[in-house]
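Colleague: let me see the structure of the following:
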Amino acid sequence: MKKVLIIGCPGGGKSSFARELHRRTSLPLCHLDMLFWNADKTTVSREILCERVREVLGGDEWIIDGNYSATLPMRLEACDSVFFLDMPTELCLEGVRRRRGQVRPDMPWIETEEDPEFTEYIKNFNETARPRLLELLDAHKDKLLTVFLSHEEIGAYLTRLDIQNELISMGEEKYRLFSASLTPTKSPEQIIGVRVPILRKYAKALTRDGRAKDFLLECRHEYLEEQHLHAFLIEQISDIDTCLYELDRFLPHIDNWASCDSLRPKVLTKDKTRLLGHIKRWLTSPHEYTVRFAIECLMLYYLGDSLTPDIHELVADVKREEYYIKMMVAWYFATALAKDWEATLPYVAERRLDVWTHAKTIQKACESYRLTPEQKNILRGYK
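Modeller: Coordinates of the predicted model:
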C-alpha cells in the first residue's frame, strides 16, 4: 500500500481517516479540498486542479483524500489501494454539522453556516454520486478495495494497523526465514518472524487492554503472524457462543497449516454435542483449512472416551484432494489407531481410505511411539 485513495460522501470521516492513516504509515497526505479551494472561498479552474493532481500522482507514495469526479479516473489509474467510506446519509449530515466553526487541516477556510446546496448534495449522494463511484471502482478491480460501512469498522482497521506495527517491532530475521521454510503457502514477505510464545503472550495483553475486540473484527491479514494472533485471540474467549461465532468468521480466511493447527480453543470442550453440529457443517466447507480444522477437532476432542462409531465415518467420508486435508485425515487415523486400535484397524484393513491417505496413515502410525512393535508389523502387512 503506497498509493492510496480515500473516497466517500462528505461528512463521512474521509479526512479524519486520511490523517490517521498518514500518522500510521507516514505516507504523504494530500487533501483535494486544499488543492481546489482558496482561502477566500474561491476555487481554481478544473485545468489547474487537474494539473495539481497530476503533480501529486507523480510521487512514489501518497494518500489522496477526496472525490472530485473530474480527477477520479486518473487517480484510480495511478493508485494501488482504495478506501471507500460508504457511510449512512444521516451520519454524513451529522459529521458536517459537527465540523462547522472548526479550523480544519483539510480546508483553507472555516465553515460557519449551513450551505443548502451542499446539504442537498449529501442527501442525494447515494442516488447521484455513489453509482458513478461504484461504476469506476468496478472498472478497476485490480485495486485493493476496502469498504467501511461504519466508524466502528474504521476504528477496527486502524487498531489492526497499530497492532501490525507492534508485531513488526517484535520480528526476528532468522526466525522469519525459518518460518518461511515451513510455510510454503506464504511468501517470505508475508512473514515477520515473531515466535509463537511471544504471540500468545501478546494475545493475552490485547485481551486485557480491550484491543482484541477491534482486531477480531478484521479478518484481512497481511502477515502470517496476524493470522496466528487472530487464532490465539479466539483461544482467549471464554464463552462458547462467542467462540463459535468468531470461528465461523475466521476459518474461511485461514490460508496456511500453521495458523489452522495452532487454533485450539479450550472452551469448545464445554459442549461437545453442540460443537459436533458445527464440525459437520465445517466438513462441507469449500475452504481447505476449514475442513482441516474440523477434522483436527474430531481428533482432539472425540477420540478415546468420546469416540462413537459415526466419528470415524465422518472423517472417512471426506473425499477431498487438497494436500492439507488428506494429511489431516491420515493424522486423524494414525492417532485413532494409537487411542482406539480395535475400532480403527478395520479402516486400514478394509482400505477405506484412498491409496495415498491409506499409505500415509500407516507411515505416520508406524512412526508413533504409542504403538507396539506388534501393532506396527500388523499395519505394515496392509501396505
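Colleague: contacting residues for the residue nearest to residue 340 when sequence neighbours are not counted?
Modeller: In this structure, residue 340 finds its nearest non-sequential neighbour in residue 307, 5.4 Å apart by C-beta to C-beta, 6 or more residues apart in numbering. (Each C-beta comes from the backbone N, C-alpha and C, glycine too.) Neighbouring residues of residue 307 by C-beta atoms under 8 Å, 6 or more residues apart in numbering: 336, 339, 340, 343.
Colleague: measure residue 307 to residue 295 for me?
Modeller: Look at residue 307 and residue 295: by C-beta to C-beta, to the nearest Å, they are 14 Å apart.
Colleague: go on, residue 249?
Modeller: Noted for residue 249: a distance of 20 Å to residue 295, by C-beta to C-beta.
Colleague: look at these two and report which has more neighbours.
Modeller: residue 295 (21 against 14; other C-beta atoms under 10 Å).
Colleague: now the stretch 1-150 of the chain, which segments are flagged as low pLDDT?
Modeller: Applying pLDDT under 70 to the stretch 1-150 of the chain flags no residue at all.
Colleague: ranges for the strands of it?
Modeller: Under the criterion DSSP state E, counting those that start in this stretch, the stretch 1-150 of the chain contains strands at 3-8, 29-31, 62-65, 81-85, 144-148.
Colleague: check which helices and strands the fourth one sits against.
Modeller: When contacts are defined as 3 or more C-beta pairs under 8 Å, 6 or more residues apart in numbering; DSSP states H and E, strand 81-85 packs onto strand 3-8, helix 14-25, helix 129-138, strand 144-148.
Colleague: name the strands paired with that strand and say parallel or antiparallel.
Modeller: The strands beside strand 81-85 in its sheet (DSSP bridges) come out as strand 3-8 (parallel), strand 144-148 (parallel).
Colleague: ditto for the shortest one
Modeller: Take DSSP bridges as the rule and strand 29-31 pairs in its sheet with strand 62-65 (parallel).
Colleague: what's next to the strand it pairs with, contact-wise?
Modeller: Where contact means C-beta under 8 Å, 6+ apart, the residues beyond strand 62-65 that reach it are 2-6, 14-15, 18, 21-22, 25, 27-32, 53, 56, 75, 79, 106.
Colleague: mark which of those are buried, thanks.
Modeller: Buried by 16 or more other C-beta atoms under 10 Å: 3-6, 14-15, 18, 21-22, 25, 27, 29-32, 53, 56, 75, 79, 106, out of the contacts of strand 62-65.
Colleague: hmm, residue 25 is touching residue 158, no?
Modeller: No. Look at residue 25 against residue 158 with C-beta atoms under 8 Å: they stay out of range, at 10.7 Å.
Colleague: dump the strands of the stretch 1-150 of the chain to CSV, plus distance to residue 48.
Modeller: Output for the strands of the stretch 1-150 of the chain, formatted as CSV (distance: least, C-beta to C-beta, whole Å):
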stretch, distance to residue 48
strand 3-8, 20
strand 29-31, 15
strand 62-65, 16
strand 81-85, 25
strand 144-148, 29
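Colleague: picking up where we left off before, reformat the contacts of residue 307 as JSON lines; add secondary structure.
Modeller: Formatted as JSON lines, the contacts of residue 307 follow (DSSP: H, G, I helix; E, B strand; the rest coil):
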{"residue": "336", "secondary structure": "helix"}
{"residue": "339", "secondary structure": "helix"}
{"residue": "340", "secondary structure": "coil"}
{"residue": "343", "secondary structure": "helix"}
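Colleague: can you turn the buried part of those into a PyMOL selection?
Modeller: Buried subset of the contacts of residue 307, written as a PyMOL selection, criterion 16+ other C-beta under 10 Å:
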select buried, resi 336+340+343
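Colleague: what domains does the record give for the protein?
Modeller: 3-149, 151-267, 271-383 (automatic domain parsing).
Colleague: longest helix of this protein?
Modeller: Longest helix in the chain, counting residues (DSSP state H): helix 151-170.
Colleague: just the buried positions in the helix or strand that that helix is followed by, please.
Modeller: Next helix or strand after helix 151-170 toward the C-terminus (DSSP states H and E): helix 173-182. Going by neighbour count (16+ other C-beta under 10 Å), the buried part of helix 173-182 is 175, 176, 179, 180.
Colleague: bridged to the residue lying closest to residue 133 once chain neighbours are set aside, which residues?
Modeller: Nearest-residue entry for residue 133: residue 7, 6.2 Å, with adjacent residues in sequence omitted and distances by C-beta to C-beta, 6+ apart. Residue 7 forms beta bridges with residue 84, as assigned by DSSP bridges.
Colleague: going forward, count from 43.
Modeller: Got it, first residue is 43 now, which makes that one residue 49.
Colleague: distance check, residue 49 against residue 174.
Modeller: According to C-beta to C-beta, residue 49 stands 11 Å off from residue 174.
Colleague: what touches both of the two?
Modeller: Common contact partners of residue 49 and residue 174 (C-beta under 8 Å, 6+ apart): none.
Colleague: more neighbours, those two?
Modeller: Remark: of residue 49 and residue 174, residue 49 carries more neighbours, 26 against 12, as counted by other C-beta under 10 Å.
Colleague: what sits against the more buried one?
Modeller: Residues near residue 49 by C-beta under 8 Å, 6+ apart: 56, 108, 109, 114, 124, 125, 126, 127, 175.
Colleague: can you verify my assumption that the first one contacts residue 127?
Modeller: Yes. The criterion here is C-beta under 8 Å, and residue 56 meets it with residue 127 at 5.5 Å.
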